[in-house]
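1. model the structure of this input:
(2 chains)
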There are 2 protein chains.
Amino acid sequence: MSRSDASSTSLHPLDEALALVPQADGPAADGALRFDGAAHPAYANMVGPFGGVSAAQMLQAVLLHPQRLGDPIAFTVNFAAAVADAPFHIWAQPARTNRSTQHWTLRMTQADAQGAEHTVLTATAVTAVRRSTWSVNDTPMPEVAAPDEVARAEVRGWVRWIERYNMRPLVGPMPTEWDGSETPSLTRMWVRDEPPRPLDFASLAAFSDVFFPRVWRRRAVQTPIGTVSMTAYFHVDAATLAAVGDGFLLGQAAGQVFANGFFDQTGQLWSQTGELLVTTQQIVYYKE
Amino acid sequence: MSRSDASSTSLHPLDEALALVPQADGPAADGALRFDGAAHPAYANMVGPFGGVSAAQMLQAVLLHPQRLGDPIAFTVNFAAAVADAPFHIWAQPARTNRSTQHWTLRMTQADAQGAEHTVLTATAVTAVRRSTWSVNDTPMPEVAAPDEVARAEVRGWVRWIERYNMRPLVGPMPTEWDGSETPSLTRMWVRDEPPRPLDFASLAAFSDVFFPRVWRRRAVQTPIGTVSMTAYFHVDAATLAAVGDGFLLGQAAGQVFANGFFDQTGQLWSQTGELLVTTQQIVYYKE
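-> The predicted structure follows:
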């Protein structure tokens, strides 16, 4: 039984995953603060947890840090080793605080059988206080059918975390015939948390990793894969995110190049009203 | 007079900039190794050095580290504060070494007037041993005129580092009339080091930052800007880079969104024979 099922409250499983516990005595003199957390069974992947939620947990350490200045602008997380279905520590430190921007370094460690801590994730983040300026979105949301006109993708029989997202593919769904037939790598879909949950920066980090592997789409071959590094740029502030609420997002992802064991992915996520919330890229290992 | 002009050898100014000196006693027990270097006057920007060369210096610390495994795959550098035209330290540490991949954390520090060290750059990198696999480039090089059919951009009167690149714009050159007329943000150009220099991963990191600010192109307004974070994914190994030699690269960059003080840029760089060498993105502060 998952922690979600067992809980007597109605806390969303993502909020359970994001409930990191800061070190009781607060940040060290250099600002470093340790948070304790654990991989959440509701977001289990084939091996260990869904990387998007691990990323969200790293960003959450910044969001919960008492010395944080402003909202996330840039976030890069590196998947150094498989995260185990087990407790972890996240160390978050403001490496530089300026007048309106702040730079963060982060790492997640997990203990081995002998109790020694090893780095499984590294990350950097930039937060900033935004000001109102001339602005323009040069990547308008594609014209697509509304979410209620699109069928939800079949999610049974896949890994557990997939059930935590309501995905409604418009273009480039997961192949149903793994026959090696080559197609464009583009996927476009409506997506929201399942059950629905008001959007915030942590969940937006998780949404950035919600697309199935581009190499599977491109080749219709299920070669083993693993994300190596992911970057997300956030283009809205907390108030705008709050206004999006728990509605569907339109997500889009495609690969630019597949080369000797590593492919890249570029992606965008819009609110249903067409605001470009996040642009993201990642590079992914593939076996063959 | 620049160090390059003063030198009795014919060392390229970029090689002078990349000549970091490792701590004599080698890496610490945790792998951390300090390198000493300095901003190079031949790559001076308006304030401090060209960010692309600062990025290249950070990656160079990985390339020079005696414990490095494989070639760079992913590299993110965060510009935490203005780098001064002065000496610096770079600390490079392998945070995790796996069988065929390795994860790096890096920071650059500079001393203030009182001698206290402050972080000016943070970075992460992933290196890996590549294997030959199914591969495809889904982002073919645009069809453009050959480099010798395109005029070099006028570089006098701008900042010093611009003279260190031979840029031949095909689409979207630097505006000549700063009249606020809006245009697409796309720039496409041939570019190579000046004087020519054989390509390597460090110079490819610098090339990733060689495009003038997208907001200047988009608006024909010279609002103050500063890159906050840049990521580059490398899609070739050292042998392929060596084969490119000192020829021109085709570079392309565009912004996806300009929103309340920060815009993003996506970019690609191809060899003249059409190999996609690097895909890159950055997020940039703009004042108004």
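
2. assign a three-state SS to A:Leu170, would you?
-> Per DSSP: H, G, I helix; E, B strand; the rest coil, the secondary structure class of A:Leu170 is strand.

3. my read: it touches A:Pro147, true?
-> No: in this structure, A:Leu170 is not within contact of A:Pro147 by Cβ atoms under 8 Å, at 9.7 Å. Every C-beta, even on glycine, is put in place using the N, C-alpha and C of the backbone.

4. between these two, what contacts are shared?
-> Contact with both A:Leu170 and A:Pro147 is made by residues A:Trp190, according to Cβ atoms under 8 Å, 6 or more residues apart in numbering or on different chains.

5. in contact with the closest residue in space to A:Gly255 that isn't next to it in sequence, which residues?
-> In this structure, A:Gly255 finds its nearest non-sequential neighbour in A:Arg214, 3.8 Å apart by Cβ to Cβ, 6 or more residues apart in numbering or on different chains. Residues in contact with A:Arg214 (Cβ under 8 Å, 6+ apart) are A:Ser185, A:Thr187, A:Ala253, A:Ala254, A:Gly255, A:Phe258, A:Phe263, A:Gln265, A:Val284.

6. same thing but 10 Å
-> Counting by Cβ atoms under 10 Å, 6 or more residues apart in numbering or on different chains, A:Arg214 touches A:172, A:184-187, A:225, A:253-256, A:258, A:263-267, A:282, A:284, A:286, B:138.

7. try A:Val228
-> Going by Cβ under 10 Å, 6+ apart, the list of residues near A:Val228 reads A:78-80, A:262, A:282-285, B:73-74, B:101, B:103, B:126, B:128, B:233.

8. apply 6 Å and report the result again.
-> Neighbouring residues of A:Val228 by Cβ atoms under 6 Å, 6 or more residues apart in numbering or on different chains: A:Phe79, A:Ile283, A:Tyr285, B:Val126.

9. how about A:Thr133, secondary structure?
-> The assignment at A:Thr133 comes out as coil when based on three-state DSSP.

10. return the residues in contact with it.
-> Residues near A:Thr133 by Cβ under 6 Å, 6+ apart: B:Asn260, B:Gly261, B:Glu288.

11. try 10 Å
-> So, once contact is read as Cβ under 10 Å, 6+ apart, A:Thr133 ends up touching B:Val215, B:Thr223, B:Phe258, B:Ala259, B:Asn260, B:Gly261, B:Phe262, B:Phe263, B:Tyr286, B:Lys287, B:Glu288.

12. tell me the secondary structure for the residue nearest the centre of chain A?
-> What sits nearest the mean C-alpha location of chain A, by Cα atoms, centre = their mean, is A:Ala206, with 2.1 Å. The three-state label given to A:Ala206 by three-state DSSP is helix.

13. relative to B:Pro94, how far out is it?
-> 28 Å (Cβ to Cβ, to the nearest Å).

14. again with A:Ala56
-> In terms of Cβ to Cβ, A:Ala56 sits 26 Å off from B:Pro94.

15. circling back to that earlier point, and the pLDDT at the residue nearest to A:Gly255?
-> We have a pLDDT of 97 for A:Arg214.

16. returning to that earlier point: quick one: the residue nearest to the centre of chain A and chain B, what's the gap?
-> In this view, A:Ala206 and chain B are 19 Å apart by Cβ to the nearest Cβ, to the nearest Å.

17. just confirm that residue contacts A:Phe50, I think it does.
-> Yes: applying Cβ atoms under 10 Å, one finds A:Ala206 in contact with A:Phe50, separated by 7.6 Å.

18. between the two, which contacts overlap?
-> Residues touching both A:Ala206 and A:Phe50 by Cβ under 10 Å, 6+ apart: A:Ala17, A:Tyr43, A:Ala56, A:Trp161, A:Arg164, A:Tyr165.

19. correct me, but the fifth one touches A:Phe50?
-> Yes: proximity of A:Arg164 to A:Phe50 meets the contact threshold set by Cβ under 10 Å, at 7.9 Å.

20. what's the following helix or strand after the worst-scoring helix or strand of chain A on mean pLDDT?
-> Lowest on mean pLDDT, DSSP states H and E among the helices and strands of chain A sits helix A:3-6, with a mean of 46. Downstream of helix A:3-6, the first helix or strand assigned by DSSP states H and E is helix A:13-17.

21. on that earlier part again, the contacts of A:Thr133: which ones sit near chain A?
-> B:Val215, B:Thr223, B:Phe258, B:Ala259, B:Asn260, B:Gly261, B:Phe262, B:Phe263, B:Tyr286, B:Lys287, B:Glu288 (Cβ under 10 Å from any Cβ of the partner chain).

22. in stretch A:245-253, what's buried?
-> Neighbour-count burial for stretch A:245-253, counted by 16 or more other Cβ atoms under 10 Å in any protein chain shown, picks out A:Phe248, A:Leu249, A:Leu250, A:Gly251, A:Gln252, A:Ala253.

23. would it count as contacting chain B?
-> No: Stretch A:245-253 does not reach chain B (Cβ under 10 Å from any Cβ); its nearest approach is 11.4 Å.

24. any idea how far that stretch is from the chain center?
-> 13 Å (Cα atoms, centre = their mean, to the nearest Å).

25. residue boundaries of the strands in the stretch 1-150 of chain A?
-> Secondary structure of the stretch 1-150 of chain A (DSSP state E, counting those that start in this stretch): strands located at A:21-22, A:33-38, A:71-79, A:87-97, A:101-111, A:117-128, A:136-137.

26. nearest to B:Val210, of the ones you listed?
-> Evaluated with Cβ to Cβ, the strands of the stretch 1-150 of chain A place strand A:71-79 nearest to B:Val210, the distance being 19.9 Å.
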